[in-house]
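**Q** return a 3D structure for these sequence lines:
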Amino acid sequence: MKRPKAVWQALLAVLALASMLGCQGLSSGKSQNGNQPTGGQAGRLTASPTNVALGSVTVGANQTQPVTVTNSGGSGVTITATTITGTGFSATGPKLPVSIAAGQSKTFNVTYAPQVPGQSSGNLAIISNATNSTLNVALSATGVADGALSASPSSLNFGSVLVGKKQTIAETLKNSGGSSVTITAVTTTGSGFSVSGLSVPFTLNAGQSASFSVSFAPPSARSSNGTLSITSSDSDSPLAVPLNGMGVSPGALTANPTSLEFGSVQVGNNQTLMDTLTNTGGSNVTISSAYASGTGFSISGLDPPLTLTPGQQFTFSVIFTPPSAGGFNGTVYVISDASDPNLSIPLTGTGTAAGQLAVSPTSLNFGNVTVGQNAQLGGKLTASGTSVTVSWVNISNSQFTISGITFPVQIPAGQDVTFTMTFTPQAAGDASGTASFASNASNSPTVESLSGDGVNPQHSVDLSWTASNSPDISSYNVYRGTVSGGPYSKIGSVQSPTTAYTDSNVTNGQTYYYVTTAVNSSNQESSNSNQAKAVIP
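**A** Numbering: from 1, shown residues only. A predicted model of the protein is given here:
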């Protein structure tokens with residue numbers, strides 16, 4: 001195809017210009033002063049990447065990303081300056097000014113080093129003689145707080161744990177910082193402590209938590225202290241969590257006495273013995289059940305559930321009530337969570353037939369006893385069959401009292417004890433009552449009847465006189481009056497030579513006046529003798 005004539009003329013003009021330039025000694029299409037050539041495509045700069053996003057960077061750390069600047073034009077470009085804006089951003093690169101030939105590249109490094117948390121944006125401006133004299137590269141990044149690892153709870157107290165048992169507490173790690181934290185190791189120190197539920201290494205992002213278990217299994221009865229140590233990328237690594245616990249020996253229940261012997265107990269009666277439980281172990285013991293087996297045995301005062309702390313004691317009653325004669329065996333069972341969960345206390349006892357108590361005589365009659373005076377009669381108590389214990393006596397009338405015996409008194413079978421009963425009438429008249437002897441005999445109470453008669457005192461006046469000197473005296477007459485000097489009344493006579501007389505017919509509280517006369521054989525009576533006075537109490 002033929003080109004138009006005008007086109008060929010233009011091409012010839014261009015060739016002529018090129019020949020002219022070549023004669024001036026320039027090559028590579030550049031001018032001597034480094035400016036854009038007078039012919040060919042101009043230089044142009046491009047950046048890769050055109051936007052630099054440095055992401056999240058921990059405060060105090062830094063992140064760098066290269067930016068490649070390429071001359072995509074047809075002639076060389078000279079970069080004369082760079083400027084950067086935005087908090088925390090900086091740039092490094094070739095020493096300026098620097099030339100970039102066509103198709104060549106230079107690398108600049110953009111660094112982000114945040115001092116405080118927060119989002120940052122900026123711009124890298126590259127100044128050159130390219131057709132795009134200012135090349136802008138957008139910058140963005142976020143400053144984030146450092147990762148902060150914490151443990152909850154901050155310390156672990158396992159309290160008292162039985163030797164051979166295990167106590168487990170949940171522990172939680174949390175990253176409360178602004179950047180991720182990588183946990184590389186979790187270890188424990190101290191006897192009996194261990195960790196489970198974690199597999200390291202693992203990473204906790206900002207705000208993320210992880211839970212695991214810490215256990216205490218004491219190997220012996222003593223206090224144990226240790227540390228849970230978490231090694232991580234946190235600047236405060238390692239994180240230490242104090243651990244403590246107390247290993248305690250199991251509770252142990254013992255009985256004192258270890259067995260109970262009730263001996264002989266009469267049928268119908270009962271015998272009570274005491275027993276004491278003690279927790280001799282190192283931890284609490286809870287008694288869940290307690291009961292007595294065996295005919296006639298029972299317990300009192302022990303009402304489960306009951307918890308005994310280490311060293312604590314508890315006393316209760318065991319009762320034997322034999323229903324019949326013969327030997328009996330039983331057991332007290334105490335069920336608990338002690339190391340010996342089934343404690344047993346053997347029981348033995350013998351039931352004996354009830355004895356008999358006899359009182360002799362069955363009645364005591366004191367007869368007449370002057371008021372204000374007393375009379376005493378003896379008695380005795382006799383046991384038969386088995387021994388009898390007499391605990392007390394009740395006397396229904398206070399005019400009767402007992403002595404010579406002290407209660408309670410045990411009387412062996414076939415033997416007796418004596419006593420003295422006293423009657424002290426307080427007024428004239430019949431008195432009666434009973435003495436009831438209480439005992440463990442089958443015929444208790446054993447009763448003795450009491451009776452007596454209280455009488456007033458009987459007074460008399462004894463009179464005596466001097467015999468008459470007359471030889472012919474045959475008798476003497478006795479006279480009494482109630483007024484001094486008479487009148488007198490004859491109350492009796494006595495034959496000579498008797499010179500005494502007793503007046504028994506007197507009244508208590510009365511005063512009497514007495515005289516006597518002498519009578520001869522001719523029945524002649526003398527005058528009155530001197531007067532004698534008598535006061536009756």
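
**Q** please report phi then psi for the residue nearest the centre of the chain.
**A** Centrality entry for the chain: nearest residue to the mean C-alpha point is residue 309, 6.6 Å, by Cα atoms, centre = their mean. Note on residue 309: its backbone torsions stand at phi -80, psi 160 [degrees, to the nearest 10].

**Q** report the separation between it and residue 301.
**A** Distance of residue 309 to residue 301, given as Cβ to Cβ, to the nearest Å: 19 Å. Every C-beta, even on glycine, is put in place using the N, C-alpha and C of the backbone.

**Q** now do the same contact list for the residue nearest to the centre of the chain.
**A** If you count contacts by Cβ atoms under 8 Å, 6 or more residues apart in numbering, residue 309 has them with 279, 284.

**Q** let's see 6 Å
**A** residue 284 (Cβ atoms under 6 Å, 6 or more residues apart in numbering).

**Q** in a strand, residue 350, correct?
**A** Yes. Applying DSSP: H, G, I helix; E, B strand; the rest coil, one finds residue 350 inside a strand.

**Q** count of neighbours near residue 171?
**A** When neighbours are counted by other Cβ atoms under 10 Å, residue 171 registers 23.

**Q** surely it is in contact with residue 213?
**A** No. Distance between residue 171 and residue 213: 7.1 Å, which falls outside the contact criterion (Cβ atoms under 6 Å).

**Q** how near is residue 147 to residue 181?
**A** 4 Å.

**Q** touching both of those two, which residues are there?
**A** Joint contacts of residue 147 and residue 181 (Cβ under 6 Å, 6+ apart) are 175, 234.

**Q** so which helix or strand of the chain has the lowest pLDDT on average?
**A** Ranked by mean pLDDT, DSSP states H and E, the weakest helix or strand in the chain is helix 5-23, scoring a mean of 34.

**Q** residue 319 versus the closest residue to residue 322 other than its chain neighbours, what's the distance?
**A** Using Cβ to Cβ, 6 or more residues apart in numbering and skipping residues adjacent in sequence, the residue nearest residue 322 is residue 351, 2.6 Å away. Distance of residue 351 to residue 319, computed by Cβ to Cβ: 13 Å.

**Q** and stretch 275-293, C-alpha only, in CSV?
**A** Output of stretch 275-293 as CSV, limited to C-alpha atoms (Å, rounded to 0.1, in the frame of the first residue of the first chain):
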residue,chain,number,x,y,z
ASP,A,275,-19.9,-44.5,126.5
THR,A,276,-17.9,-41.7,124.7
LEU,A,277,-17.2,-41.4,121.0
THR,A,278,-14.0,-39.5,120.0
ASN,A,279,-12.9,-38.3,116.6
THR,A,280,-9.1,-39.1,116.7
GLY,A,281,-8.5,-38.3,113.0
GLY,A,282,-7.6,-35.1,111.2
SER,A,283,-10.9,-34.2,109.5
ASN,A,284,-14.6,-34.0,110.5
VAL,A,285,-16.6,-37.2,111.0
THR,A,286,-20.4,-37.2,110.4
ILE,A,287,-22.3,-39.9,112.2
SER,A,288,-25.3,-40.8,110.0
SER,A,289,-26.8,-43.6,112.1
ALA,A,290,-26.6,-45.2,115.6
TYR,A,291,-28.6,-48.1,117.1
ALA,A,292,-28.4,-50.9,119.6
SER,A,293,-29.1,-54.6,118.8
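
**Q** give the contact list for residue 400.
**A** Residues in contact with residue 400 (Cβ under 6 Å, 6+ apart) are 423, 433, 450.

**Q** got the buried residues for stretch 188-199?
**A** If you call a residue buried by 16 or more other Cβ atoms under 10 Å, then stretch 188-199 has these buried ones: 188, 190, 191, 192, 193, 195, 198.

**Q** then stretch 367-378?
**A** Across stretch 367-378, burial judged by 16+ other Cβ under 10 Å covers 369, 375, 377.

**Q** one more: stretch 217-225?
**A** 217, 218, 221, 224.

**Q** per-domain residue ranges of the chain.
**A** Domain ranges of the chain: 45-144, 149-248, 253-350, 356-455, 461-535, per automatic domain parsing.

**Q** is it possible to export the ones you listed to JSON lines including mean pLDDT?
**A** Output for those, formatted as JSON lines (pLDDT from 0 to 100):
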{"stretch": "domain 45-144", "mean pLDDT": "94"}
{"stretch": "domain 149-248", "mean pLDDT": "93"}
{"stretch": "domain 253-350", "mean pLDDT": "94"}
{"stretch": "domain 356-455", "mean pLDDT": "95"}
{"stretch": "domain 461-535", "mean pLDDT": "94"}
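
**Q** how about the contacts made by residue 456?
**A** 371, 428.

**Q** same thing but at 10 Å, please
**A** Listed by Cβ atoms under 10 Å, 6 or more residues apart in numbering, the contact set of residue 456 reads 370, 371, 372, 425, 427, 428, 429, 508.

**Q** and it, how close does it get to residue 508?
**A** In this view, residue 456 and residue 508 are 7 Å apart by Cβ to Cβ.

**Q** show me what the residue nearest to residue 400 when sequence neighbours are not counted is bridged to.
**A** Spatial nearest neighbour of residue 400, excluding adjacent residues (Cβ to Cβ, 6+ apart): residue 450 at 4.8 Å. Bridge pairing for residue 450 (DSSP bridges) gives the partners residue 364, residue 433.

**Q** one step back: mutual contacts of residue 171 and residue 213, please.
**A** Common contacts of residue 171 and residue 213, defined by Cβ under 10 Å, 6+ apart, comprise 195, 197, 198.

**Q** let me know the closest of those to residue 281.
**A** residue 195 (29.7 Å; Cβ to Cβ).

**Q** so residue 441 sits right up against residue 410, yeah?
**A** No. In this structure, residue 441 is not within contact of residue 410 by Cβ atoms under 10 Å, at 11.5 Å.

**Q** tell me, what's touching those two both at once?
**A** With Cβ under 10 Å, 6+ apart as the test, residue 441 and residue 410 both reach 383, 387, 388, 389, 390.

**Q** which non-adjacent residue is nearest the first one?
**A** The shortest distance from residue 383 to any residue other than its chain neighbours is 3.9 Å, reached at residue 411 (Cβ to Cβ, 6+ apart).

**Q** from residue 404, how far out is that neighbour?
**A** Distance from residue 411 to residue 404, counting by Cβ to Cβ: 14 Å.

**Q** and the two? which has more neighbours close in?
**A** residue 411 (21 against 13).

**Q** what pairs with that one across the strands?
**A** According to DSSP bridges, beta-bridge pairing links residue 411 with residue 388.

**Q** my guess is it contacts residue 384. True?
**A** Yes. Look at residue 411 against residue 384 with Cβ under 10 Å: they come within range, at 9.5 Å.

**Q** any common contacting residues for the two?
**A** Common neighbours of residue 411 and residue 384 (Cβ under 10 Å, 6+ apart) are 355, 357, 441.

**Q** you'd agree the second one is in a strand?
**A** Yes. Read with three-state DSSP, residue 357 is one of the residues of a strand.

**Q** quick check: closest non-adjacent residue to residue 348.
**A** Of all residues not flanking residue 348 in the chain, residue 261 sits nearest, at 5.1 Å (Cβ to Cβ, 6+ apart).

**Q** the one you found and residue 278: what is the separation?
**A** 20 Å.

**Q** residues near residue 230, how many?
**A** Neighbours of residue 230 (other Cβ under 10 Å): 24.

**Q** run through the bridge partners of it.
**A** Under DSSP bridges, the beta-bridge partners of residue 230 are residue 186, residue 239.

**Q** show the pLDDT at residue 459.
**A** Note on residue 459: pLDDT of 85.

**Q** please enumerate the strands of the stretch 1-150 of the chain.
**A** Assigned by DSSP state E, counting those that start in this stretch, the strands in the stretch 1-150 of the chain fall at 45-48, 51-58, 63-71, 77-85, 89-92, 98-100, 105-112, 118-128, 134-144, 149-152.
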